[in-house]
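Engineer: coordinates only, sequence not included:
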DNA sequence: TTGTATGCGTTATCAC
DNA sequence: GTGATAACGCATACAA
């Protein structure tokens, strides 16, 4: 690498002390307008930018943000990364990624070490890892700035961005009922996740409001994987009086439902409506394309980034009040009016 | 953050100078075995690890690796990230991501700045950005360590990992012909990409070896997107004598072909075989599941990481000779013996 | 409004 | 084989 200009070069050329240059760099208020301008000009000419390492060493900051996740949905991860970067890069931060294993025994320690070894200034945590109470506690204990992205309001609002899955599922329920459907089944997500519970309850409660009860045998707990979607769908569709609609907790499982329906010669959506969640890459591509729910991922991610940076620079929590985003229904070809 | 132990703490407790501790940390050879052991013990007890910022400032290194990409395939990106991390994290490096816009006028400068502003030690570049001659040149000019991941051997072998798409496509061609197919069509990728050219040529040349020529009207240039796959498929399938096989340059476009075939009532694979490339998330999920080509992404990524780290630590290029990986054919349900 | 001096935690240059 | 000591580039008490 070529030698970059340092703050000393700027100071020398400007005929001031580096302390003053430092003030300009950090947007100080108490610098004479003339001096200010002179220094800025030289900074521009030299193309000077402060060295992050040195800066960090002196101010004990790294200008690094971390992203912690253990999520099978690559599309979601990618969108979040871009969303976070869109705000953090223009603020001078970089993004360091850290996939982890939620189930590993040392996962909490692993994440804390990740932050410490690089002096990461703050982390964003994706679901489902974001649901870990232990991780959040460990981060607090270590005074590490963090923001969780989740489906439930399980932390202080400065530390979380919540996707209102419950409301979205309520919308979906209303939509399906409006199509005339009464016999509805669900392939839920693992009930150890809050997100799965939220979605199931949002769906079930709204149905109940509309006078429809979801019998227990119409609810099967899946594992959010394609394979799991397949086996759950088999259980639901092998019955004599099969349901008219299946809602699956995510698009992966919904794709599994489509697969099974195809195998069994059940026509979707004529004979069976199917809905998913995520608006995965799959959703628009499968045949028939999936009715699903889309989270405003980019909005969530940039909001999370803003919150983290606000914490780091402990600014007045301006927009920090903002924490709730609402997913919206996307209607495609896999749902249709009930027959008869 | 809590105060972490420093090298001074270790030195004091061990009753040696920090210079000696530094030697131990960096695996120096010229330290007495007893001293060595004593210091190591204290390091372990304290849970000491050297501060990356300070270390970087002194040694002008950051222990940061960069990942540069502009790729619509999130799954590929995710796999690469995990592959790179699997080797770099255990060597004490972190991964900083940098999505960019290949087509933006300042994209080269943008990438160089990215590296410089954080003193990134080296970067891995994903396709198709990796094909940029200008970027590679700029990195060399700035003495930045880099490794490209590509489908063509377009750089020194220390600076590239090549996926032998040509060979893989040759395999695919042989396979299709072995099924009895003679009337074959291609939706190629944009011919401005080497990867697209390699795949098309690998496919076409092998067909020619087998005595089959691919007429020009059986080749349509797509844009690698789902929508583009749809419009190209329409052009190919609307003809009276439609082909028996369509190979699409990637799975996205192949999914588009499936969509069109479905719309037109053409049965896949009974009436039309379809093959893609990537082994995308889609490939196994669509109906029928896609015959495709899988790149050994994790292997490519970790090899790339090893090469970069070797360059950074300018070690003898042990495994640096290694640069070629071969994708392999995955046969699923979208291809079948030709009817006649 | 501006400058001086010191420290951040590590590596590197010498000398011993 | 080991140890003072000076960088590295910047931020920040503390003065002026």
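Structural biologist: Sure, I can see it. Owing to the predicted nature of the structure, the values given are computational and were not obtained by experimental measurement.
Engineer: What is the burial count for the residue nearest to residue A:218 when sequence neighbours are not counted?
Structural biologist: Of all residues not flanking residue A:218 in the chain, residue A:185 sits nearest, at 4.2 Å (CB to CB, 6 or more residues apart in numbering or on different chains). Every C-beta, even on glycine, is put in place using the N, C-alpha and C of the backbone. Burial of residue A:185 is recorded as 25 neighbouring residues (other CB atoms under 10 Å in any protein chain shown).
Engineer: pLDDT at residue A:2, what is it?
Structural biologist: Note on residue A:2: pLDDT of 53.
Engineer: what do you get for residue A:125?
Structural biologist: With respect to pLDDT, residue A:125 scores 98.
Engineer: what about the residue nearest to residue A:218, helix or strand, and which?
Structural biologist: Here residue A:185, judged by DSSP states H and E, is contained in strand A:184-188.
Engineer: And the contacts of that strand?
Structural biologist: Identification of contacts with strand A:184-188 by CB atoms under 8 Å, 6 or more residues apart in numbering or on different chains yields A:176, A:196, A:199-200, A:203-204, A:207, A:212, A:214, A:218-222, A:229, A:232-233, A:236, A:243-249, A:253, A:257.
Engineer: Identify the residues contacting the closest residue to residue A:289 other than its chain neighbours.
Structural biologist: Excluding its sequence neighbours, the residue lying closest to residue A:289 (CB to CB, 6+ apart) is residue A:332, at 4.0 Å. Neighbouring residues of residue A:332 by CB under 8 Å, 6+ apart: A:283, A:284, A:288, A:289, A:290, A:291, A:292.
Engineer: Now neighbour count too, for these, in a markdown table please.
Structural biologist: Below are the contacts of residue A:332 laid out as a markdown table (neighbours: other CB atoms under 10 Å in any protein chain shown):
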| residue | neighbour count |
| --- | --- |
| A:283 | 25 |
| A:284 | 17 |
| A:288 | 19 |
| A:289 | 16 |
| A:290 | 30 |
| A:291 | 26 |
| A:292 | 28 |
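Engineer: rewinding a little: how much space between the residue nearest to residue A:218 and chain B?
Structural biologist: 21 Å (CB to the nearest CB, to the nearest Å).
Engineer: Distance of that residue relative to residue B:302?
Structural biologist: 43 Å (CB to CB, to the nearest Å).
Engineer: try residue A:28
Structural biologist: Separation of residue A:28 from residue B:302 (CB to CB): 46 Å.
Engineer: Looking at those two, which one has more neighbours?
Structural biologist: With neighbours defined as other CB under 10 Å, residue A:28 and residue B:302 compare such that residue B:302 has more, 20 against 12.
Engineer: and that one, what is it in contact with?
Structural biologist: B:83, B:84, B:86, B:87.
Engineer: can you list the residues of the stretch 101-250 of chain A near chain B?
Structural biologist: Selection of the stretch 101-250 of chain A residues close to chain B by CB under 8 Å from any CB of the partner chain yields A:114, A:116, A:117, A:118, A:119, A:142, A:143, A:144, A:226.
Engineer: Can you report how many residues lie near the second one?
Structural biologist: Burial measure for residue A:116: 18 neighbouring residues, criterion other CB under 10 Å.
Engineer: That one contacts residue B:48, correct?
Structural biologist: No. Residue A:116 lies out of contact with residue B:48 (CB atoms under 8 Å); the separation is 11.5 Å.
Engineer: So which of the residues of the stretch 101-250 of chain A next to chain B sits lowest on pLDDT?
Structural biologist: Among these, residue A:117 has the weakest pLDDT, 85.
Engineer: so what's the closest residue to residue A:60 other than its chain neighbours up against?
Structural biologist: Nearest in space to residue A:60, with sequence neighbours left out and distances taken as CB to CB, 6+ apart, is residue A:119 at 7.1 Å. Residues in contact with residue A:119 (CB under 8 Å, 6+ apart) are A:56, A:60, A:61, A:62, A:64, B:1, B:51, B:52, B:53.
Engineer: Which among those residues count as buried?
Structural biologist: Neighbour-count burial within these applies to A:56, A:61, A:62, A:64, B:51, B:52, B:53; the criterion is 16 or more other CB atoms under 10 Å in any protein chain shown.
Engineer: Could you save those as a markdown table and add columns showing pLDDT?
Structural biologist: Formatted as a markdown table, the buried ones among the contacts of residue A:119 follow (pLDDT from 0 to 100):
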| residue | pLDDT |
| --- | --- |
| A:56 | 91 |
| A:61 | 90 |
| A:62 | 92 |
| A:64 | 96 |
| B:51 | 91 |
| B:52 | 91 |
| B:53 | 91 |
